[in-house]
Every structure is written in structure tokens, then in C-alpha cells.
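Q: show me the folded form of this:
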Amino acid sequence: MRKAWVAAEWLLLIFVLGGLLLAILPFSDMFHFGRDMKDARNQGIYYPGPGSAERQAYYRSSLQVDGVVYDGGELRLYMTATRLGPSNRLPLQVKLRTDGGALLESSGSGSTNTAIRSQGYYAFKDVPEGIRSATFFYDSFGESFRFDIPLQSGGKP
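A: Okay, the predicted model is just below:
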């Protein structure tokens with residue numbers, strides 16, 4: 001009888017530790033956001049976002065812009081959302097308004113999710129060259145967010 005209790009305790013411990021690992025580690029790790037931003041920084045096409053200094057609420061999630069990669073024709077917005085829950089907390093779509101007034105919708109996206117945080121990117125194609133600032137926003141059923149990011153000095157060392 002004692003061996004059965006010891007085995008049950010070990011199984012419970014393994015189950016709890018496995019659940020904690022799933023809560024911390026990504027459910028899918030298909031994207032390498034940190035490496036992508038580091039490579040872009042080395043190429044001088046990375047523009048930092050305000051990060052945690054500017055968080056905005058959107059459907060009970062806390063959104064922050066991690067950075068922007070812009071090479072003159074294609075632009076990628078990297079964003080993080082935090083909220084406890086099993087589903088993706090990032091917006092489904094983001095719009096971009098350039099300083100010249102052009103309005104673009106994201107043409108692709110990807111994300112990695114954990115139980116607490118979602119990290120993802122939004123791709124924009126055919127972005128005009130030479131823009132100096134970008135506004136990323138979206139309005140949906142009374143919920144909205146807006147981030148203004150300057151694109152004047154890259155991350156080139």
C-alpha cells in the first residue's frame with residue numbers, strides 16, 4: 001500500500017512540473033524573434049519600440065511594441081501581449097499609417113504563445129521608402145490601440 005502512495009506522489013509531482021513547464025515554455029517555437037531583431041540591429045534596419053515604457057490595454061491584454069524592422073520596402077512590427085489564459089492575446093490584424101499618409105494593412109503574421117505571454121510579428125509589404133515615422137493601430141468594437149514609432153535612427157552599431 002505504501003508503494004502505491006509513493007508512486008502516486010511521484011506521478012502527481014511529474015504532472016505538476018509538466019504543467020508548469022507548459023505554462024512557461026512556448027506551445028510552438030516556430031519563430032525566433034530575438035535572433036531576428038538582433039540580426040536586423042546588426043544590419044542597421046532595426047528601430048526599437050517604446051517597450052514596456054508604453055503598454056496599452058486591448059481586450060484585457062497588455063500590448064507593447066518590441067521593435068520594428070524596416071529595410072525600405074518591407075516592414076515587420078514585433079509585438080508582445082501579456083494576459084493569463086490559453087489563447088493568443090495578440091490582435092488578429094494591425095494597420096500601419098506612414099508619415100506620408102499611406103495606409104497599409106498587415107499582409108502576414110506569426111506568433112509564439114505561452115500561458116501568460118504571446119510574442120509575434122506583423123509583416124507589411126510595399127511600404128514606401130524613406131518614411132520617418134509609422135503609426136501602428138487597430139480599432140475593433142470599441143477597443144483600440146495606437147503606437148507611434150520613429151524610424152529615423154536604426155540600430156547600427
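Q: how far does the top helix by length along the chain sit from the chain's center?
A: Using DSSP state H to define each element, the chain has its longest helix at helix 2-24. Counting by CA atoms, centre = their mean, to the nearest Å, helix 2-24 is centred 32 Å from the centre of its parent chain.
Q: swap in stretch 97-116?
A: The chain centre lies 9 Å from the centre of stretch 97-116; the measure is CA atoms, centre = their mean.
Q: sorry, back to before: avg pLDDT for whatever helix or strand comes next after the longest helix of the chain?
A: The helix or strand immediately downstream of helix 2-24 is helix 33-43, counting by DSSP states H and E. Across helix 33-43, the average pLDDT comes to 85.
Q: for stretch 114-125, same thing?
A: The average pLDDT within stretch 114-125 is 86.
Q: send me it as PDB with only the CA atoms.
A: Provided in PDB are the C-alpha atoms of stretch 114-125 (Å, rounded to 0.1, in the frame of the first residue of the first chain):
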ATOM      1  CA  THR A 114       2.800  30.600 -23.600                       C
ATOM      2  CA  ALA A 115       0.100  30.500 -20.900                       C
ATOM      3  CA  ILE A 116       1.000  34.100 -20.000                       C
ATOM      4  CA  ARG A 117       2.600  35.800 -23.000                       C
ATOM      5  CA  SER A 118       2.200  35.900 -26.800                       C
ATOM      6  CA  GLN A 119       5.000  37.300 -28.900                       C
ATOM      7  CA  GLY A 120       4.500  37.900 -32.600                       C
ATOM      8  CA  TYR A 121       5.200  39.900 -35.700                       C
ATOM      9  CA  TYR A 122       3.100  41.600 -38.400                       C
ATOM     10  CA  ALA A 123       4.500  42.000 -41.900                       C
ATOM     11  CA  PHE A 124       3.700  44.900 -44.200                       C
ATOM     12  CA  LYS A 125       4.600  44.700 -47.900                       C
END
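Q: for it, list every residue counted as buried.
A: By 16 or more other CB atoms under 10 Å, the buried positions in stretch 114-125 come out as 115, 117, 118, 119, 120, 121, 122, 123, 124. For every residue, glycine as well, the C-beta is placed using N, CA and C.
Q: format those residues as a markdown table; extra columns: secondary structure and distance to residue 137.
A: Output for the buried residues of stretch 114-125, formatted as a markdown table (DSSP: H, G, I helix; E, B strand; the rest coil; distance: CB to CB, whole Å):
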| residue | secondary structure | distance to residue 137 |
| --- | --- | --- |
| 115 | coil | 28 |
| 117 | strand | 22 |
| 118 | strand | 18 |
| 119 | strand | 19 |
| 120 | strand | 16 |
| 121 | strand | 16 |
| 122 | strand | 12 |
| 123 | strand | 16 |
| 124 | strand | 13 |
